[in-house]
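Asker: sequence first, then the predicted structure:
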Amino acid sequence: MQGLAPSPEEAEALFTGPDGSFRFARWSRPIAPVVFGATDDSVAPLKAAMATVVLAANHRLAETDPELGANLMIFFLTDWAELAEVENMDRLVPDLPALLPRLKAEEADQYRFFRFEEDGSIKAAFVFLRMTGALAGMPAADLGMEQMLKTMLLWAPGAFAGRSALARVEGRTEAVLRPDLTSLLRAAYDPVLPAASQDPVLAMRLAARAGQLFN
């Protein structure tokens with residue numbers, strides 16, 4: 001993506017899985033996040049960066065969710081084996097005994113999954129970060145911004161495989177969201193668009209609305 005807004009083809013690719021199926025979903029309820037395992041000095045910049053992304057989408061944060069308490073849980077780990085040691089984690093994470101060896105074999109540094117409302121919109125999200133390599137070297141604010149963006153929508157698994165979700169602006173030390181993703185995020189949360197869809201035609205509507213933000 002070179003411009004301030006994605007083309008319809010680029011927007012469609014961001015929500016199209018390896019099997020060729022299109023699936024889009026956004027949050028319909030306010031997001032109530034909680035962070036586990038982060039250092040004390042990183043919590044404030046993490047949450048501030050997360051709030052920046054939610055604000056960019058014109059969505060809302062909440063202290064608690066009336067049904068779930070917290071509907072976005074972010075866990076910081078040093079090793080995937082730590083998940084097996086957390087009480088009741090096997091109830092939270094589907095197929096945990098089979099998942100952990102796979103994550104270890106893939107040398108994965110992050111894993112997330114979602115739960116959905118009856119209409120297909122996002123109800124809750126769970127993010128697990130193994131703080132190693134490049135991930136461990138990211139400033140807390142950059143990490144919070146990147147992870148929040150990846151959790152705001154049901155992106156395709158390879159949506160960010162070839163390019164970071166963040167950009168650098170000359171004269172600023174902190175990162176910002178890529179302008180094309182910011183415009184797409186705002187378009188995705190436009191209330192006139194559906195909260196969930198499996199129709200790739202939606203990509204054209206997303207791209208059109210993203211482009212209107214800069215007209």
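Answerer: Received it, and whenever you're ready, just let me know what you need.
Asker: who touches the lengthiest helix in the chain?
Answerer: Ranked by residue count, the top helix of the chain under DSSP state H comes out as helix 40-56. Defining contact as CB atoms under 8 Å, 6 or more residues apart in numbering, one finds that helix 40-56 is touched by 31, 33, 35, 38, 60-61, 139-145, 147-149, 152, 177, 182, 185-186. The way it works is simple: take the backbone N, C-alpha and C, and place the C-beta from them, glycine included.
Asker: in strands only, show me the residues you listed.
Answerer: Judged by DSSP state E, strands contain the following of those: 33, 35, 177.
Asker: of those residues - the most surrounded one?
Answerer: Pro33 (23 neighbours; other CB atoms under 10 Å).
Asker: in this structure that one contacts Leu68, no?
Answerer: No. Shown here, Pro33 and Leu68 do not form a contact pair, counting by CB atoms under 8 Å, at 11.5 Å.
Asker: measure how buried Val127 is and give me the count.
Answerer: Count around Val127 with other CB under 10 Å applied: 20.
Asker: same check, this time on Ala161
Answerer: 7.
Asker: that one and Leu14, how far apart?
Answerer: Distance of Ala161 to Leu14, given as CB to CB, to the nearest Å: 11 Å.
Asker: for Ala159, same thing?
Answerer: 5 Å.
Asker: and Arg23, by the same measure?
Answerer: Relative to Leu14, and taking CB to CB, Arg23 is found at 11 Å.
Asker: any residues in contact with both of those two?
Answerer: Ala156.
Asker: what about the helices in the chain?
Answerer: Listed in chain order (using DSSP H), the helices of the chain are 8-13, 40-56, 82-85, 89-92, 96-105, 133-137, 140-152, 179-188, 201-212.
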